[in-house]
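*Asks:* From the sequence below, what's the structure:
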Amino acid sequence: MHAILDADYLCHLGFVRDGAPVVLPTLYARVAERLYMHGSVGSRPLRCAGEDTGIAVCLTVTHVDGLVLARSAIHHAINYRSVIVHGTARQVTDPAERSTALNALIENIVPGRATDTRPANTKELAATAVVALDLDEVCAKVRTGDPNDDPEDLTLPHWTGVLPVARTYGTPTPAADLDPTITIPHYLTNR
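*Replies:* Below you'll find the model as predicted:
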């Protein structure tokens, strides 16, 4: 489960708001047996995740590894790795834990970046909520392999197999106002 979580930075966070389910995409990072997410202090799930009471959530992470193309339409599938975490997200108010969480979020997105930026100032920190979700109730689900065609379809003249899917990063594009003497950092060219 750690390997699946550590291979990404985007999750979907589900919770109930006014009696209806809501799912939001958000960034996350894992530190030991805890996940951290952040956002505006005005964000509903972050605001409702009080330090003591918290908010019941379901967090999911999914990696699509391949499109499984079968001879018959009904047997098409995807190869994937996923993790589902259920629990109570709570606000993080301890300054040291908040600092650890915010640095972990930046490092999870682009390793090496946290030490190559200006840290958040007091005003920015006051506008940022951080929530923690312990990895107490977690499950993983994985699908790998070839299509599962029916025996009677094996002689059909249709291509079958797996089309691999992978995330790739393009060439970094500098901001228009970047000083041209500042070079692309090594952690962006080694991706």
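*Asks:* ok, what's across the strand from the closest residue to residue 8 other than its chain neighbours?
*Replies:* Of all residues not flanking residue 8 in the chain, residue 61 sits nearest, at 5.5 Å (C-beta to C-beta, 6 or more residues apart in numbering). (C-beta placed from N, C-alpha, C; glycine too.) Bridge pairing for residue 61 (DSSP bridges) gives the partners residue 83.
*Asks:* Surely residue 61 is in contact with residue 11?
*Replies:* Yes. When contacts are counted by C-beta atoms under 8 Å, residue 61 is listed as touching residue 11 (4.9 Å).
*Asks:* which residues are common contacts for these two?
*Replies:* residue 28 (C-beta atoms under 8 Å, 6 or more residues apart in numbering).
*Asks:* Who are the contact partners of the residue nearest to residue 8?
*Replies:* By C-beta under 8 Å, 6+ apart, residue 61 lies in contact with 4, 5, 8, 10, 11, 12, 28, 82, 83.
*Asks:* Helices of the protein, residue ranges please.
*Replies:* 2-6, 44-48, 95-109, 122-126, 186-189 (DSSP state H).
*Asks:* Dump these into a markdown table; add mean pLDDT and distance to residue 35 as well.
*Replies:* Supplementary listing: those in a markdown table, determined by pLDDT from 0 to 100; distance: least, C-beta to C-beta, whole Å:
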| stretch | mean pLDDT | distance to residue 35 |
| --- | --- | --- |
| helix 2-6 | 97 | 7 |
| helix 44-48 | 68 | 13 |
| helix 95-109 | 95 | 9 |
| helix 122-126 | 92 | 20 |
| helix 186-189 | 90 | 23 |
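*Asks:* for those helices, which one sits closest to residue 176?
*Replies:* For residue 176, the closest of the helices of the chain is helix 186-189, at 17.4 Å, according to C-beta to C-beta.
*Asks:* Only whichever of the contacts of residue 61 are buried, select them in ChimeraX.
*Replies:* Buried members of these, defined by 16 or more other C-beta atoms under 10 Å, are picked up in ChimeraX with:
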select :4,5,8,11,28,82,83
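*Asks:* need the helix or strand of the protein with the lowest average pLDDT.
*Replies:* In the chain, no helix or strand scores lower on mean pLDDT, DSSP states H and E than helix 44-48, which sits at a mean of 68.
*Asks:* excluding its backbone neighbours, what's nearest residue 104?
*Replies:* Of all residues not flanking residue 104 in the chain, residue 29 sits nearest, at 3.9 Å (C-beta to C-beta, 6+ apart).
*Asks:* any low-confidence regions in this protein?
*Replies:* 44-47, 50-52 (pLDDT under 70).
*Asks:* So residue 114 versus residue 129, what's the distance?
*Replies:* 19 Å (C-beta to C-beta, to the nearest Å).
*Asks:* Oops, could you answer that again for residue 57 instead?
*Replies:* Going from residue 57 to residue 129 by C-beta to C-beta gives 14 Å.
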